[in-house]
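> Predicted model follows, preceded by the sequence.
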Amino acid sequence: MAILPITVYGDPVLKKIASPIKQVDDGIIGLIQNMFATMRNANGIGLAANQVDIDKQIFIVDISPVEGYEKFKPVVMINPEIILQSDETVVMEEGCLSLPNLRADVERPEAIKVRYLDTDENIQEIEADDLFARVILHEYDHLIGKLIPDRVNEQIRKKLQEELELIRNREVKVDYPITPK
C-alpha cells in the first residue's frame, strides 16, 4: 500500500464532477487500499478519490477513531447517490484533508439515505445520521466538485479567504504529503 499525496484547495480536480466507475477491477481495489492508507496516515475519517488526484466516483469512510463510534465498520462507496435527505439540519464544525488547518461550521441534513455499489459491485442502500451522514455528505460533495467554502455563507467565505490562499500556495504546515503547486 502506498501513501498518496492529497490534493488541496486550488487543484483543478477538486472542482470537477468525478467520473463514474464502470468496473471494480484490481486497479480500483488497489486504489481503495491506498486511499485507506493515505486517510489513516493523515488522521482523516473520510477520503474521496479526487482528493488523491483520481477522477473517479468513489470514497471511503471510517469514523471508528471518533469517540462513540469505535464499533463502526469502514465503508467504501462507489458511484454513490444521495436518495433521501431529512428536512432537519444540523450545524457542525468540519475540517477537510484538502483544506489543511481550516475549519468552518457547515449546515447539513441530519439524516440521509444513500445508494452505492460495494466492492463486489452489489447495489447497497443505507440510512445514516449524525456524524456518519455528515461524513458521507462531505465526501459526496467532493465527487460533485464542492468543498466547505461552497457550503458556507458569503460572510464566512470571506473570513476563510486568507487561509484558502495560504493553502492554495502550499504555505501551510501539514503532517501528510500534499500535491506540489
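Nice, thanks for sending it over.
> E67 versus the most centrally placed residue in the chain, what's the distance?
Taking Cα atoms, centre = their mean, the centroid of the chain lies closest to E139, which sits 2.9 Å from it. Look at E139 and E67: by Cβ to Cβ, to the nearest Å, they are 21 Å apart. Backbone N, C-alpha and C define where each C-beta goes, glycine included.
> now do M77
According to Cβ to Cβ, M77 stands 24 Å off from E67.
> pLDDT value on D118, please?
Per-residue pLDDT puts D118 at 97.
> Three-state assignment for the residue lying farthest from the centre of the chain, please.
Distance from the C-alpha centroid of the chain, by Cα atoms, centre = their mean, peaks at Q155 (23.7 Å). Following DSSP: H, G, I helix; E, B strand; the rest coil, we place Q155 in the helix state.
> one step back: so which of M77 and E67 has more stuff around it?
Neighbour totals were compared for M77 and E67, and M77 leads with 25 against 5 (other Cβ atoms under 10 Å).
> any residues touching stretch 66-73, and which ones?
Around stretch 66-73, the neighbours that count as contacts under Cβ atoms under 8 Å, 6 or more residues apart in numbering are I45, D62, I63, S64, L131, F132.
> Between the residues you listed, identify the one with the most neighbours.
So for the contacts of stretch 66-73 (other Cβ under 10 Å), the most neighbours sit at I45, 24 neighbours.
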